[in-house]
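Participant: Generate a structure from the sequence data that follows.
(one chain, ligands or ions: 1)
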Amino acid sequence: MIDRRSFLKTSLAAASCASLPGLAFAQGSSPAPILIRGASIFDGRTPELITGVDVLIENGLISAIGENLDLPEGSEDGVAAQVIDADGRVLTPGMTDAHTHVMWNDTIENLIYASPHEYAGAMAAEGARRMLLRGFTTVRDMGGPSFGLKRAIDSGVVPGPRILPSGFFISQTSGHGDFDPRHNYLSPHFTPQMDPAYLRGWTIIADGVPEVRKAVRECLRYGASQIKIMGSGSVTGAHDPLDVTEYTPEELSAIVEEATHWGTYATIHAYTDVAIFNAIQAGVRSIEHGLFASEATMQLMKEKDIIYSTQFLSFSVGPDQAGMTGDSIPKYLEAQAGAKNGYERSKALGLKMAFGTDILGTIDLGPFQSQEFVARTAYYEPVEILTQATSINAELFERSGQRHPYQDGPLGVIAEGAYGDLLLVNGNPLEDITLMANPDEGLGLIMKGGTIFKNTL
Ligand SMILES: [Zn+2]
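Facilitator: Predicted structure coming up:
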């Protein structure tokens, strides 16, 4: 007679060896111990590879790093545990992205006004799975209704990265989060009708100090990790040209104060020097884009230890390739010229640089997320880029304080007690960063929370 319990155990172990993500995943929050032997380690902080040590992952966390480790007592390779021979591959922390929009997999007009309500969620589940398979195990989401997706991922049903959600964009009327493409209509902001962008979780239009306070409180009620302010125009705004500054210093200070009361922080989409300066004075803890900041403003960012979250890929291609059409093309070219200045200035000042990609628009653009690794080589060494994508981003995520959703250990590093979010790279990314830009071939193993999602070893 077959013992049902041991049959199940063996089947599940076989399934994880064959790396069937669904089955491995279904084992839930206490995956079996995994011992990784023979890897060279980039720990997220140290510029040189560490060799000659093994890494043991138990209960989703790294439990030990040392020479000649063994699986814990009572577990045995292939049954309740697994030994992986890295064969000299480089082990890195899972990559992180400080500026995503996980829900934004179509035009914003379709997502808010034209598609069925549940379409955005269905697309985002697949988008999240692909993102994890590109090696991104944690993302800071910079706006959109991602709370439901986060819950599905955290529950272990949907594969995807950990998400630090912002939820609604906080935008002024005609600001960067005021997406309604119509110009001649009775605005929902002044008439008794609901704004579809609010109903679908994308934007709260808030003008004046009492309204912005209420908007921040609502984001926090949903579970926002941090607050995202739309603070200036941009290349793609429905109404606001690139030179526009949004929100007053009083409104910005009120937003920051509300976030601070909840132990977290605000960050701001801002291009103009005035918008960036006002936001710094108000107390934001990071700046998104920020490319037209003057030298003096960037110096202030450095003095106040503000983390700079800009994107290098988005302005390294021509307007066609960036998906620009019509009015967006001249705005894009203007931004591109300013961008080069911004990159050079921030590099020269040694600003603390996050790794973020801001890839959005259609699900097929997703692979560009990995191209950011290569775009940065115009300014940074591979080790600097990998540090940005791991420990520096993790430092930024820590600024959410008690609103940080993942409190069991540090992210973005390989250290005892850290999350078991790990990649095995088929080569040395410190010498060849293109391995990260081509994850299908470049990544041999992808693990999040001690669960294996890809294993080609
Ligand atoms: Zn963005």
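
Participant: my guess is residue 313 contacts residue 357, does it?
Facilitator: Yes. Here residue 313 reaches residue 357: they are 6.6 Å apart, a contact under C-beta atoms under 8 Å. Backbone N, C-alpha and C define where each C-beta goes, glycine included.

Participant: Can you verify residue 300 is assigned to a helix?
Facilitator: Yes. Residue 300: assigned to a helix according to DSSP: H, G, I helix; E, B strand; the rest coil.

Participant: residues touching the nearest residue to it once chain neighbours are set aside, list them.
Facilitator: By the measure of C-beta to C-beta, 6 or more residues apart in numbering, the closest residue to residue 300 outside its immediate chain neighbours is residue 280, 5.4 Å from it. Neighbouring residues of residue 280 by C-beta atoms under 8 Å, 6 or more residues apart in numbering: 287, 297, 300-301, 304, 306.

Participant: Next, count neighbours for residue 417.
Facilitator: Other residues lying near residue 417 total 11 when counted by other C-beta atoms under 10 Å.

Participant: Got the confidence number for the residue nearest to it when sequence neighbours are not counted?
Facilitator: Nearest-residue entry for residue 417: residue 409, 4.7 Å, with adjacent residues in sequence omitted and distances by C-beta to C-beta, 6+ apart. At residue 409, the model reports a pLDDT of 98.

Participant: Am I right that residue 409 is in contact with residue 418?
Facilitator: Yes. With the criterion set as C-beta under 8 Å, residue 409 and residue 418 qualify as a contacting pair; they are 4.9 Å apart.

Participant: what is in contact with the two at once?
Facilitator: Counting by C-beta under 8 Å, 6+ apart, the residues touching both residue 409 and residue 418 are 61-62.

Participant: Compare the two (neighbour count), which wins?
Facilitator: For residue 409 versus residue 418, the count of surrounding residues by other C-beta under 10 Å is larger for residue 418: 22 against 16.

Participant: how many neighbours does the closest residue to the ion within the stretch 251-400 of the chain have?
Facilitator: Nearest to the ion, among the residues of the stretch 251-400 of the chain, is residue 358, at 4.3 Å (C-beta to the ion). In terms of burial, residue 358 registers 22 neighbours under the definition other C-beta under 10 Å.

Participant: now the one 3 residues further on
Facilitator: By the other C-beta under 10 Å criterion, the neighbourhood of residue 361 contains 17 residues.

Participant: Run through the residues that contact it.
Facilitator: Shown in contact with residue 361 (C-beta under 8 Å, 6+ apart): 104-107, 323.

Participant: nearest to the ion, of the residues you listed?
Facilitator: Distances from the ion to the contacts of residue 361, taken by C-beta to the ion, are shortest for residue 104, at 8.3 Å.

Participant: Helices of the stretch 1-150 of the chain, start to end?
Facilitator: With DSSP state H, counting those that start in this stretch applied, the stretch 1-150 of the chain shows helices at 4-17, 21-26, 108-109, 119-133, 147-154, listed in chain order.

Participant: mean pLDDT lowest for which of the ones you listed?
Facilitator: Among those, helix 4-17 carries the lowest mean pLDDT, a mean of 36.

Participant: Touching both of residue 313 and residue 357, which residues are there?
Facilitator: Between them, residue 313 and residue 357 share these contacting residues under C-beta under 8 Å, 6+ apart: 368, 372.
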